[in-house]
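**Student:** Sequence first, predicted model second:
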Amino acid sequence: MIVLGIETSCDETGVALYDTAAWENGDLAAKGILGQGLHSQIAMHREYGGVVPELASRDHIRRVLPLLDESLAQAKLTLGQIDAVAFTQGPGLAGALLVGSAFAKSLAQGLNLPSIGVHHLEGHLLSPLLGTSAPSFPFIALLVSGGHTQLMLVSKVGHYELLGETLDDAAGEAFDKTAKLLGLDYPGGTAISKLAEKGQVGRFDLPKPMLHSKDLDFSFSGLKTAVLNQVKKWDAGELKSPEQMAQFHADLARSFVDSLVAVLVSKSEKALKQTGCKHLVLAGGVGANQQLRSALNEKAKKGGFEVHYPPLELCTDNGVMIAFAGALRMLADSKGLSKSGAFDIKPRWDLASNNLT
Ligand code: KG4
Ligand code: ZN
């Protein structure tokens, strides 16, 4: 079965073609990726300091068809060879989701194919199965993206239990807001991570919110405020050289990353202990963060668990994860498949509410 995947939930237009034969034959799952196209709108949104929803929707309209052509050409396939269409139904920006779902549904109707609406986070949390060291079920997923920070228990495809989540800012949001405070461009995750590498450990005593709370929830808005307070204190102080300023930013970035990573790692360990799982999956854009990866690898060595990552290029939003999640869901259960041309989007959508029975 060849599944077309369409992702348009935020600021990336992603299209991909996945052949389920690889998965069904027990080969490396990534072998099923036949073609893919991706366009990131980051450069367009950068001058506004964040995603402008209306611009995002319009750009998805412009990009989606050429990306489909590109994916088909890569895969050496024609439209007639597609068996099903998967698209991101939510959560995300309403206008952006509408573009992807309207496109997917129209195409499916035109070709008389079934379609399936995929939860964006399901795409992220199954993407480590496309890596070279795929996890076995059950596993814990630490989902850290621009909009979400969640710990999920994944017992099998379509069976998810929310263990904990952020009460305010998402981890990626904390990265992006802190980046802004340090004068870095949107989205600042990668830039902060690089800056932190030049920083001195422990110069600032920033909070590690909810580190010792008994639950598996997170809170990052206080950490961002603590960074803001340090910036204000610095600005109010005597004039410093550009070198001192650069070092201040690097040291503050270091302390910020160290605090955030400490909390994410500690809560992940707690989730593993509570559930008895031995496999942890890191997914979502912040999953590309090198400091977080090293800290988790370090703990895994001592803690008797394994950490699994998606291929680096599949950490941030893409069409492959949607084609793949749609394909695995269809193989597990045909419940979500539809031949109707009617569509609805779910800008706010709880993943566990979409569980298979
Ligand atoms: O999963 P994603 O592509 O989109 C959402 O679904 O939100 O995640 C985007 C987020 C942004 O906040 C970005 O700053 C963050 O992932 N990010 C990173 C890194 N690369 C992307 N954060 C920290 N370190 C990185 N290397
Ligand atoms: Zn995402």
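**Tutor:** Thanks, I have it. Residues are numbered from 1 along each chain as shown. Ligands and ions are numbered 1, 2, ... in the order given.

**Student:** Not counting sequence-adjacent ones, nearest residue to the most centrally placed residue in the chain?
**Tutor:** Taking Cα atoms, centre = their mean as the criterion, residue 284 is the residue nearest the geometric centre of the chain, at 2.2 Å. On the basis of Cβ to Cβ, 6 or more residues apart in numbering, the spatially nearest residue to residue 284 that is not a chain neighbour turns out to be residue 145, at 3.5 Å. In this view, the C-beta of every residue, glycine as well, is placed from N, C-alpha and C.

**Student:** Count the residues that sit near that neighbour.
**Tutor:** Summarising burial for residue 145: neighbours were counted as other Cβ atoms under 10 Å, giving 23.

**Student:** go on, residue 172?
**Tutor:** Taking other Cβ under 10 Å as the neighbour definition, residue 172 ends up with a count of 24.

**Student:** My reading is that it is in a helix; is that accurate?
**Tutor:** Yes - assessed with DSSP: H, G, I helix; E, B strand; the rest coil, residue 172 lies in a helix.

**Student:** contacting residues around the nearest residue to it once chain neighbours are set aside?
**Tutor:** Distance criterion Cβ to Cβ, 6+ apart; nearest residue to residue 172, sequence neighbours excluded, is residue 146 at 3.7 Å. Contacts were defined as Cβ atoms under 8 Å, 6 or more residues apart in numbering; by that measure residue 146 touches 10, 170, 172, 173, 176, 187, 285.

**Student:** Kindly recompute the last result at 10 Å.
**Tutor:** When contacts are counted by Cβ atoms under 10 Å, 6 or more residues apart in numbering, residue 146 touches 10-11, 50-51, 170-176, 187, 189, 284-286, 316-317.

**Student:** Would you confirm that residue 131 contacts residue 313?
**Tutor:** No - under the criterion of Cβ atoms under 10 Å, residue 131 is not in contact with residue 313, lying 11.1 Å apart.

**Student:** from the contacts of residue 146, which are also near ligand 1?
**Tutor:** Judged by Cβ under 6 Å from any ligand atom, the overlap between the contacts of residue 146 and the neighbourhood of ligand 1 comprises 10, 172, 175, 176, 187, 189, 284, 285, 286, 316, 317.

**Student:** before we move on, the earlier item: can you give me the pLDDT of the residue nearest to the centre of the chain?
**Tutor:** Confidence per residue is given as pLDDT, and for residue 284 that number is 94.

**Student:** so what's it up against?
**Tutor:** Contact partners of residue 284, counting by Cβ under 10 Å, 6+ apart, are 120-121, 123-125, 127, 141-150, 170-172, 310, 315-317.

**Student:** Spell out which parts of the protein neighbour ligand 2.
**Tutor:** For the chain, the residues in contact with ligand 2 (Cβ under 5 Å from the ion) are 145, 317.

**Student:** where exactly do the helices run in the chain?
**Tutor:** Using DSSP state H, the helices found in the chain span residues 21-24, 42-46, 53-75, 94-111, 120-126, 171-181, 189-197, 221-236, 242-275, 290-303, 320-332.

**Student:** just to revisit the earlier point, can you tell me which residues contact the residue nearest to residue 284?
**Tutor:** Residue 145 makes contacts with 10, 120-121, 124, 170-173, 283-287, 315-317, as judged by Cβ under 10 Å, 6+ apart.

**Student:** give me phi/psi at it?
**Tutor:** Note on residue 145: backbone dihedrals following degrees, to the nearest 10 are phi -130, psi -170.
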